[in-house]
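1. Requesting a structural model of the entry that follows:
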Amino acid sequence: IDYSMLADCDDVQAAIGDEKALILDTRSEGEHTGEELKSGAERKGCIPESVWIEWTEALNDDLTFKSAADLRAVYGEHIEGKDVIIPYCQSAVRSSHTTFVLTQLLGVDAEVKNFDGSWIQWSCGTELPVENGE
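-> Numbering: from 1, shown residues only. All right, here's what the predicted structure looks like:
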């Protein structure tokens with residue numbers, strides 16, 4: 001098993017405040033802002049400093065992937081110059097889609113690591129910081 005494409009809580013904590021790292025929230029806007037709380041999560045909100053780009057932004061209306069040019073328009077300014085990109089969602093399913101887009105369709109140079117525990121794990125860690133309401 002190759003665990004090199006998976007992030008854990010320590011990886012995410014190290015990425016907070018690191019200008020060369022991007023924490024990418026792929027959930028819905030309501031989940032990101034804290035308006036919604038999905039089953040399994042203990043707290044509402046998002047990981048501090050995470051950038052919200054819903055996973056569906058990579059798709060056309062017919063649910064096919066957008067072109068490489070359109071994907072660069074979606075992710076480009078956020079991923080440019082990053083050494084590490086950590087997508088997350090509720091349970092690492094939607095973020096695995098984004099991980100595929102970044103690594104296989106865009107071929108980004110950064111190390112892309114899907115946060116396997118995602119929001120369910122993070123929200124249950126009462127010592128872990130959370131942002132919400134913005």
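2. so what does the biggest helix by length in the chain touch, helix or strand wise?
-> The longest helix of the chain (DSSP state H) is helix 68-79. On a contact count with 3 or more CB pairs under 8 Å, 6 or more residues apart in numbering; DSSP states H and E, helix 68-79 meets strand 21-25. Placement of C-beta: from N, CA and C, glycine included.
3. Tell me which residue lies nearest the centroid of this protein.
-> Centroid check for the chain by CA atoms, centre = their mean gives Pro87 as the closest residue, at 2.4 Å.
4. separation between Arg43 and Glu31?
-> According to CB to CB, to the nearest Å, Arg43 stands 11 Å off from Glu31.
5. again but with Ala92, I slipped
-> Counting by CB to CB - Ala92 and Glu31 are separated by 14 Å.
6. Over to Gly40?
-> For Gly40, the distance to Glu31 - CB to CB - is 12 Å.
7. Now the common contact residues for these two.
-> Gln90 (CB atoms under 8 Å, 6 or more residues apart in numbering).
8. neighbour-wise, which of those two wins?
-> Glu31 (23 against 13; other CB atoms under 10 Å).
9. what's the residue nearest to Arg43 when sequence neighbours are not counted in contact with, if anything?
-> Using CB to CB, 6 or more residues apart in numbering and skipping the chain neighbours, the partner closest in space to Arg43 is Ser123 (4.3 Å). Neighbouring residues of Ser123 by CB under 8 Å, 6+ apart: 41-45, 130.
10. which one of those has the most neighbours?
-> Gly45 (23 neighbours).
11. Go ahead and confirm it touches Gly34.
-> Yes - with contacts counted by CB atoms under 8 Å, Gly45 reaches Gly34, the gap being 4.1 Å.
12. And what about Leu102, helix, strand or coil?
-> helix (DSSP: H, G, I helix; E, B strand; the rest coil).
13. I am finished for the moment; much appreciated.
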